[in-house]
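[1] Sharing a model prediction with you, sequence too.
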Amino acid sequence: MPESILVGLDGSEASGRAADAAADAARRHDLRLVLACVVPWSPYSFTTAEENERRSVEKEREATSARERVLEPVIARLSEPGDLAIEGAVRHGHPAETLVRLAREHDAAWITVGRVGQSRVRTLLFGSTPSSLIQLSPVPVLVVP
Amino acid sequence: MPSDSVLAASFDEQVDGFFAPVFDWITAVVFYAVPLDFIDEGVELPLIVVWLVIAGFFFTVYLRGFQFRAFRHAIELIRGRYDDPRDAGEVTHFQALATAVSGTVGLGNIAGVAIAISLGGPGATLWMIIAGLLGMCTKGVECTLGVKYRNVYPDGRVSGGPMYYLTKGLREKNPRLGTLGKVLAVLFCIFTLGGAVGGGNMFQANQAFNQAQSVTGGDDGLLGFGAAGAVFGFVLALLVGAVIIGGIRSIARVTDKLVPFMAVFYVLACLTVLLANFSDIPAALWAIVSQAFSPEAGFGGIVGVLIQGFRRAAFSNEAGLGSAAIAHSAVKTEHPATEGHVAVLEPFIDTVVICTMTALAIVITGTYADEASDAGVETTSAAFETVVGWFPIVLAVAVILFAYSTMLAWSYYGLKAATYLFGESMVVDRTWKLVFCLFVIIGASSTVESVIGFSDSMIFLMSLPNIIGLYILARVVKRELNGYRARIDSGEILPVAERT
């Protein structure tokens, strides 16, 4: 039996609505809510020596910023009624791949994300997290507009 | 030829006139060569080159061909097969290697190889490859130590390099060696400052200007006027300053993305030259192998060719100089030996692959024998031009990009040396960076001989304190590498996918 619903947060309004929808569903199905924020990062990007020197510090800074600005406001809002088990996670990596890994770790029933709402050209050039998630995910993906 | 009065009046000439005697003197000291008249008239053996070769040879034997045994595991490491997912967001082995490679792949690969073959003949190529293979081992040793004794600042930054393994490593080995370690570290840092403004800066600026001038029409073209070098240098200095002083990271990031792309393009261009002369490949290979032992020139000839090959290889891949240990040290790993493995790939990519490509292109087209052009980028450019007319323009772009990224890397090495010597402060930081930018202009204005000589000498001097340290710490490295290999072989350290 799946234990949780995973929500991918990026600080956008759509991802906030995705968290709301997931919270409703979690109550109804009595599931844990796992809120995740993935900092985009690639192990194969090219960096300068100076960036490498500061990388550990930067990683901490990015993680703290994601936790404080993206994750905690949503956790605070959703845990106010006090009837939900909520967990937060901040990870570095490819957003879609990392969400898939988190879904496995937390035995998620499905993954909920917000729609990015970007133009076709942008999607064509850079892709989008929801669309790559749909291709990769082992569980259903719910995209909230 | 312009008249003497015009020459004397030009700014570039004045700059050159001022610095050339100083540079020439330093070069003469560093490259003190033992005359080997008993072998052949005029044969000389520069001690500094012997120093580097013996180190490469010693460590290859002492670590029983570590660089060859390490190869497969190194590839697995850069593919991330051993990276803990919890370390996502930190510096990966791939990134540490890529940063180091973009610092070393520079003009040594294009101009240095051309110089080696122009002076030593095609046979220099073989010795260059052998020097590259030996250098792989020295590099692995340096980078293992670089990570093992790296410095973690109170604010969490991580950096390392010979100055740290010389001080911490030697003191740890024997407290009585502490003072020696400190002296060696200080010497290393002084030479690094020189190497950074020399090979890491002036040589690069100089060759970039030469190439820009030659593709825009030479002495009569756009960059043909007297102070063109200074103007070019000034623009280049502004671009360097924008990144290192102005903190405009976006430029550095764009360069860093372009350099690997250009490196691949460069290799493809060389392959195009080789394919166009397909039928001559066996003859070129034969020339490289047979002239490496040039029996007609006698043993003296062999020594001459060998020295050119080794000298240029060392200049290109920097093995034994200690610079790479600075670049590799920020990697996230629990085992210093992992970076030692990964680092062996650096001279392989730089020398065994890229330098060999340049060498083959030059040998096959025969441009090295052309007396008309100066030995340097122009030789390679001429080789490219024989096949595709517009290749020299691409080469010019590649040269400028390689030069630029190498300069950014060396400005960092220099900064690490400066802050080690004078402490971490804004004044030291800014002063060093301004001086560095100033030398970009001087480099672009000087003639190639004095600049190359000086660049070589300072860069090679770094190997003195560094390699002394490597010998003293040889057992530490052996223990580190063997211990790690044993844990890999016994299955104690498994790839992430196989961990339970």
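    Received the coordinates, thanks.
[2] can you tell if stretch A:84-104 touches chain B?
    Yes: Stretch A:84-104 is in contact with chain B by CB under 8 Å from any CB of the partner chain, via A:91-93, A:98, A:101. C-betas here are computed from N, CA, C, even on glycine.
[3] Buried by neighbour count: which residues of the helix or strand where B:Thr380 lies qualify?
    Assigned by DSSP states H and E, B:Thr380 belongs to helix B:377-385. For helix B:377-385, burial by neighbour count (16 or more other CB atoms under 10 Å in any protein chain shown) applies to B:377-385.
[4] now the residue lying closest to B:Phe348 once chain neighbours are set aside: how far from chain A?
    Leaving aside its sequence neighbours, B:Phe348 sits nearest to B:Met136 (CB to CB, 6 or more residues apart in numbering or on different chains; 5.8 Å). B:Met136 sits 21 Å away from chain A, going by CB to the nearest CB, to the nearest Å.
[5] tell me the SS of the closest residue to chain B within chain A?
    At 3.1 Å from chain B, A:His92 is the closest residue in chain A, using CB to the nearest CB. Following DSSP: H, G, I helix; E, B strand; the rest coil, the label given to A:His92 is strand.
[6] my guess is A:Ala96 meets A:Val113, correct?
    No: here A:Ala96 does not reach A:Val113: they are 9.1 Å apart, not a contact under CB atoms under 8 Å.
[7] the more surrounded of the two?
    Applying other CB atoms under 10 Å in any protein chain shown to A:Ala96 and A:Val113 shows that A:Val113 carries more neighbours, namely 30 against 24.
[8] give me every residue that touches the nearest residue to A:Ile86 once chain neighbours are set aside.
    Among residues not flanking A:Ile86 along the chain, A:Leu33 sits closest, at 4.8 Å (CB to CB, 6+ apart). By CB atoms under 8 Å, 6 or more residues apart in numbering or on different chains, A:Leu33 lies in contact with A:4-5, A:7, A:19, A:22-23, A:26, A:78, A:84-87.
[9] rewinding a little: what touches both of A:Ala96 and A:Val113?
    Common neighbours of A:Ala96 and A:Val113 (CB under 8 Å, 6+ apart) are A:129, A:133.
[10] Next, the residue of chain B found nearest chain A: secondary structure please.
    Using CB to the nearest CB, the single residue of chain B nearest to chain A is B:Gly89, 3.1 Å away. Using three-state DSSP, the structure places B:Gly89 in coil.
[11] okay, residue 116: pLDDT?
    Just going to use chain A. In this model, A:Val116 is scored at 76, pLDDT.
[12] Let me rephrase: I mean chain B.
    87.
[13] now residue 48, nearest residue through space, not along the chain?
    No chain was given, so I picked chain A. Per CB to CB, 6+ apart, closest to A:Thr48 is B:Ala252, 5.1 Å.
[14] if you could check chain B rather than the one you did, that'd help
    B:Phe460 (4.8 Å).
[15] give the contact list for that neighbour.
    Counted by CB under 8 Å, 6+ apart, B:Phe460 has contacts B:30-31, B:48-49, B:52, B:314-315, B:321.
[16] do the same with B:Ser159
    So B:Ser159 contacts A:53, B:150-151, B:153, B:326, B:329-330, B:416 (CB under 8 Å, 6+ apart).
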